[in-house]
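Q: Got a sequence here, can you model it:
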Amino acid sequence: MVFDRLLEHCKDAGLVGAGGKQRTDSTHVISAVRELNRLELAGESVRAALEALAVAAPA
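A: This is a model prediction of the structure:
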């Protein structure tokens, strides 16, 4: 029921269109997931580097 209300709200706001088949294997979806994975990896690398610096030079 919650999903139906959310979907109805999104339709009213013009965020989603009429029904149809949505393909999740589309190249733009795969590309977006790959980009998010790379961004997450970069963020984790920065976090690990900052933690290493905090241990090496706490001041």
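Q: what residues does the helix or strand harbouring Asp4 touch?
A: Taking DSSP states H and E as the criterion, Asp4 maps to helix 2-12. Residues outside helix 2-12 that contact it (C-beta atoms under 8 Å, 6 or more residues apart in numbering) are Val16. Just so you know, the C-beta spots here come from the backbone N, C-alpha and C atoms, and that holds for glycine as well.
Q: Work out the gap between the following helix or strand past it and the centre of the chain.
A: Downstream of helix 2-12, the first helix or strand assigned by DSSP H and E is helix 27-56. Counting by C-alpha atoms, centre = their mean, to the nearest Å, helix 27-56 is centred 12 Å from the centre of its parent chain.
Q: same thing with stretch 49-59?
A: The answer for stretch 49-59 is 29 Å, by C-alpha atoms, centre = their mean.
Q: avg pLDDT for that stretch?
A: Stretch 49-59 comes out with an average pLDDT of 92.
Q: what number of residues lie near Lys11?
A: A count of neighbours around Lys11, defined by other C-beta atoms under 10 Å, yields 13.
Q: can you check Val16 too?
A: 14.
Q: Which residue comes closest to it once chain neighbours are left out?
A: In space, and not counting its chain neighbours, Val16 is closest to Cys10: 4.7 Å by C-beta to C-beta, 6 or more residues apart in numbering.
Q: That neighbour: neighbour count?
A: Considering only other C-beta under 10 Å, Cys10 is surrounded by 12 other residues.
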